[in-house]
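Enquirer: heads up, no residue letters with this:
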């Protein structure tokens, strides 16, 4: 593989770190007080799920998320933080990439009508997949330093 400036493994590390920064920005811009104290995030998601064209989404949300809105708010917000930190630091990277891929696919299905969200989630899922198959933890990562997943 020929590349310019950095090696292929280093470019994949850049991609991994960039994805991690994207997750950190998603976490940073959330109104945590609104999500945790007023339930704004889960209320918005309940509204989206309640109007969803697929019954499985409405039913799944009603059965899994709706009974535990406060817990789910913490799960979503801190999952985004954990994904961002894990990918930037390169710690448990394959786990973070798979979890991020699944979260993006979940977001993609939930927000099937929102084209702006579709693009963001599709691109983040694609980056996760490429970084996973390229083993983007080989360079500039705690995983490499610790000899994990090599």
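Expert: That came in fine, so what should we check first? A quick note: this is a predicted structure, and the numbers were derived from the prediction, not measured.

Enquirer: give me the distance from stretch 118-138 to the chain's centre.
Expert: From the chain centre to the centre of stretch 118-138 is a distance of 10 Å (CA atoms, centre = their mean, to the nearest Å).

Enquirer: I misspoke; the intended subject was stretch 136-144.
Expert: For stretch 136-144, the distance to the chain centre is 19 Å (CA atoms, centre = their mean).

Enquirer: let me see the contact set for the most centrally placed residue in the chain.
Expert: In the chain, the centroid-proximal residue (CA atoms, centre = their mean) is residue 100; its distance is 3.5 Å. By CB atoms under 8 Å, 6 or more residues apart in numbering, the residues touching residue 100 are 19, 23, 83, 87, 124-125, 128. The C-beta positions use only the backbone N, C-alpha and C, and glycine is treated the same way.

Enquirer: a markdown table for the residues you listed, including distance to residue 6, pLDDT and neighbour count?
Expert: What follows is the contacts of residue 100, written out as a markdown table (distance: CB to CB, whole Å; pLDDT from 0 to 100; neighbours: other CB atoms under 10 Å):
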| residue | distance to residue 6 | pLDDT | neighbour count |
| --- | --- | --- | --- |
| 19 | 17 | 98 | 26 |
| 23 | 22 | 97 | 24 |
| 83 | 24 | 98 | 26 |
| 87 | 18 | 98 | 30 |
| 124 | 22 | 96 | 22 |
| 125 | 24 | 96 | 18 |
| 128 | 20 | 98 | 26 |
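
Enquirer: contacts for stretch 16-28?
Expert: With contacts defined as CB under 8 Å, 6+ apart, stretch 16-28 is touched by 77, 80-81, 83-90, 93, 96-97, 100, 124, 127-128, 131, 136-137, 140-141.

Enquirer: restricted to helices, list these.
Expert: 77, 80-81, 83-89, 93, 96-97, 100, 124, 127-128, 131 (DSSP state H).
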